[in-house]
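Undergrad: Provided below for reference: sequence and predicted model.
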Amino acid sequence: MTRLPPPLLRDPAFRWYFLARTSSHLGDGLIAVALLFGALRLGASPTGVGLVLLAGRLPVVVFTLAGGVVGDLLSRRAVMLAADLVRCASQALTAVLLLTGTAALWHLAALQAVAGTATAFFAPAAAGLVADVVPAARRRQANALVNAAQHAATLAAPVVSAALVAGVGAGVSFAVDAATFAVSAAALGALRLPTRSVPRRPGPLDALRHGWRDFRSRPWLPATTIQIAVINGACISPFLVLGPIIADRQLGGPLAWAFIGNGYAVGALLGSAVAVRWKPRRPLRVAVTIPVALAPLLVLLAAGAPVPALAAAAVPAGVQAAVYAVLTETARQVHVPADLVARATGLSTVVSLAAAPVGMALAGPAAERVGADAVLLAGALVAVLSVPLALAVRSVRHLPAELEPAR
């Protein structure tokens, strides 16, 4: 009888990695609400909210490519640890400014830019570290577990953060966020791995060129990256900017927005649970099709639907996000050489997020000119049209779940 491998969480290395990622995601869930409503309470207009969000997202776009190179050339654990310490400090300072009543919008923007820069180095190293911690055959399961924990954390975090914002202000949420990064840093400090061998340590520019050549040689990588870039810019960014404003003005404030976010998180948990067990033969064919599930949420928000309907529509949107993330991240970890995974992740993240800051910066002015409903409906249309365009790439339709044996 074939013995099943032990659960991943019995492996001490994966357990520490899992704790670090989960704690970091919990803090991110708290800030998603605290930053938006903290800016609104400081008098930010829709354009101002978009610019504060832009300040946190733009450094991710600018520096993630460098983060991918660093994550392949240096210790990924050390890169993640340093990023956590920087984020802990920046969020702690934000908390102090808000709690003492001395914060201004530019403070929020500047400190979130610092945190975003650290995230740009953390994320590619975290994706690459899975290849160091987990054998190839179990990476889809590892990614699904990390995604499930991420969305479980963000299920509770928005409600907690909204209650804190409504009760004692956004500063406490930032203080808790700083603590979560401290926990993540402690977990990474306890993580012990064998030294990762690098046969030849190229210079940064050579490493970048090598990563770019490999990225271009796999058409499914640019295709999926461009699809998510378009969705980030035209669908997700307007939703994140305009959604809390609509919630604040028409739906009841932070708790209403948190309830909608909970629907999304429940869906993401369901999607992660599906991804743990479901192994489609052609994973990218599935991944690029499911973004159509975003469209109903955007249409209902544009139509002024009540909170329960929006929360219900957020469930399939969350399912698609989790399944898409697990399938595409596992594809990179399986089909890209291990010493290039962080660079592939960095390149994919840079391109896929490049449209997000633009979308955030333009969503407010566009809503003021043509109306929030028109902006959201356009996003729904983009989500639907992105599917046939991505499926037009042959390798997207035919990439196998596992490496095929050499002939």
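TA: Thanks, I have it.
Undergrad: Residue 317 reaches residue 291, doesn't it?
TA: No: using C-beta atoms under 8 Å, residue 317 is not in contact with residue 291, being 9.1 Å away. C-beta: built from backbone N, CA, C; applies to glycine.
Undergrad: Which one's more surrounded, the two?
TA: More neighbours sit around residue 317 than around the other of residue 317 and residue 291, counting by other C-beta atoms under 10 Å; the figures are 26 against 23.
Undergrad: residues touching the more buried one, list them.
TA: Residue 317 is in contact with 264, 267, 293, 294, 296, 297, counting by C-beta atoms under 8 Å, 6 or more residues apart in numbering.
Undergrad: show me where pLDDT drops low in the stretch 151-300 of the chain?
TA: Regions of the stretch 151-300 of the chain meeting the criterion pLDDT under 70 cover residues 151-159, 166-167, 169, 194-211, 214, 216.
Undergrad: Verify the contact between residue 107 and residue 95 for me.
TA: No: taking contact to mean C-beta under 8 Å, the distance of 11.2 Å between residue 107 and residue 95 leaves them out of contact.
Undergrad: which one of these two has more residues nearby?
TA: Neighbours per residue (other C-beta under 10 Å) separate residue 107 from residue 95, with residue 95 holding more: 24 against 15.
Undergrad: And the strand or helix carrying that one, what does it pack against?
TA: When elements are defined using DSSP states H and E, residue 95 is found to belong to helix 76-99. Counting contacts by 3 or more C-beta pairs under 8 Å, 6 or more residues apart in numbering; DSSP states H and E, helix 76-99 packs against helix 12-41, helix 46-73, helix 105-133, helix 170-190.
Undergrad: List the buried residues in it.
TA: Burial within helix 76-99, assessed by neighbour count using 16 or more other C-beta atoms under 10 Å, is assigned to 76-77, 79-95, 97-99.
Undergrad: Do a quick rundown of the helices in the stretch 251-400 of the chain.
TA: 254-277, 283-287, 295-302, 307-335, 341-370, 372-391, 394-398 (DSSP state H, counting those that start in this stretch).
Undergrad: and the ones you listed as TSV, adding distance to residue 140?
TA: Conversion of the helices of the stretch 251-400 of the chain to TSV gives the following (distance: least, C-beta to C-beta, whole Å):
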stretch	distance to residue 140
helix 254-277	7
helix 283-287	9
helix 295-302	27
helix 307-335	4
helix 341-370	14
helix 372-391	20
helix 394-398	18
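Undergrad: what's the closest of the ones you listed to residue 66?
TA: Comparing the helices of the stretch 251-400 of the chain against residue 66 with C-beta to C-beta, the closest turns out to be helix 341-370 (7.6 Å).
Undergrad: Now for residue 163, how many residues are close by?
TA: With other C-beta under 10 Å as criterion, residue 163 counts 16.
Undergrad: what's it in contact with, if anything?
TA: Counting by C-beta under 8 Å, 6+ apart, residue 163 touches residue 255.
Undergrad: now do residue 79
TA: Residue 79 sits next to 67, 70, 71, 121, 122, 125 when contact means C-beta under 8 Å, 6+ apart.
Undergrad: What subset of those is buried?
TA: Burial of the contacts of residue 79 was assessed by neighbour count (16+ other C-beta under 10 Å); the buried members are 67, 70, 71, 121, 122, 125.
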